[in-house]
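In: here is the input, now give the coordinates:
(2 chains)
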Amino acid sequence: GNSVTQMEGPVTLSEEAFLTINCTYTATGYPSLFWYVQYPGEGLQLLLKATKADDKGSNKGFEATYRKETTSFHLEKGSVQVSDSAVYFCALSPYGNNRLAFGKGNQVVVIP
Amino acid sequence: DAGVTQSPTHLIKTRGQQVTLRCSPKSGHDTVSWYQQALGQGPQFIFQYYEEEERQRGNFPDRFSGHQFPNYSSELNVNALLLGDSALYLCASSLSGRDMEEQYFGPGTRLTVT
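Out: Below you'll find the predicted structure:
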């Protein structure tokens, strides 16, 4: 089946630090990959996406590259801000199907 | 342009009761998906509605049912509530035929079963 695994535990870091959140997936065929962000009290928002191998999704300084050989889609940002504090979810949808499978999410807390 | 709206915001029910949650999709969208997000977990796909029919279903029991109306709005019904049904229920809308396009999520309905 299709599944997404995210690194365990919350992430706490200082402002301007480098952020990495690991995501690996299991899927048949060629899924599309996504990162969603959930700010406190708000709904899920699409942060970035990639639809085929070696694609790089980017938005608001965040980047993730679709790595088929390692079945990974790690999220990175070079210099985080306090406003980046949120829960980040990695997700996939099978080819030709927009049903999303999510990871458990990672709480990111950025300290001034 | 209104995004996805859901009602009510919060709901408290007792075990064994039935509940109905409502969702209005983003303007121009015709497909509605429902997800259950337990505390500290990622959302789990419940089902998807298109053209007033259930098009896909996740691994949820028949106690979970839904409906889509001609104006594309949707309801999620849960019968015989269990404590484990306590969660945030998210509605997402999208446009059919555009599978790689973004799904827009509503703010969710927080259901507490006591």
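
In: okay, CA-based contacts and neighbour counts for the rest of this
Out: Noted.

In: for chain B, give me the ranges with low pLDDT.
Out: Counting by pLDDT under 70, the ranges of chain B that qualify are B:1, B:97-101.

In: go again with 80.
Out: Within chain B, the ranges that satisfy pLDDT under 80 run B:1-2, B:96-102.

In: burial measure for residue 73, as a count.
Out: No chain was given, so I picked chain A. Per other C-alpha atoms under 10 Å in any protein chain shown, the neighbour tally for A:F73 reads 30.

In: my question was about chain B
Out: So B:S73, with other C-alpha under 10 Å, has 23 neighbours.

In: neighbours of the residue lying closest to it once chain neighbours are set aside, how many?
Out: Closest residue to B:S73 apart from its sequence neighbours, by C-alpha to C-alpha, 6 or more residues apart in numbering or on different chains: B:S24 at 4.5 Å. Using other C-alpha under 10 Å, B:S24 has 24 other residues around it.

In: surely B:S24 meets B:L76?
Out: No. B:S24 lies out of contact with B:L76 (C-alpha atoms under 8 Å); the separation is 11.7 Å.

In: for chain A, see how far away the most centrally placed residue in chain B is.
Out: With distances taken as C-alpha atoms, centre = their mean, B:W34 lies nearest the centre of chain B, 3.1 Å away. When distance is defined by C-alpha to the nearest C-alpha, to the nearest Å, B:W34 is 10 Å away from chain A.

In: Provide a list of residues in contact with B:L82.
Out: By C-alpha atoms under 8 Å, 6 or more residues apart in numbering or on different chains, the residues touching B:L82 are B:15-16, B:113.

In: up against chain A, what does chain B have?
Out: B:33, B:40-45, B:48, B:90, B:99-100, B:102-108 (C-alpha under 8 Å from any C-alpha of the partner chain).

In: please redo it, this time with the cut-off set to 7 Å
Out: Proximity of chain B to chain A (C-alpha under 7 Å from any C-alpha of the partner chain) is limited to residues B:41-45, B:99-100, B:102, B:105-108.

In: now, of these, which are buried?
Out: For the residues of chain B next to chain A, a burial check counting by 16 or more other C-alpha atoms under 10 Å in any protein chain shown picks out B:42-45, B:99-100, B:102, B:105-108.

In: re earlier: can I get the buried part of the contacts of B:L82 as one PyMOL selection?
Out: In PyMOL, this line selects whichever of those come out buried by 16+ other C-alpha under 10 Å:
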select buried, chain B and resi 113
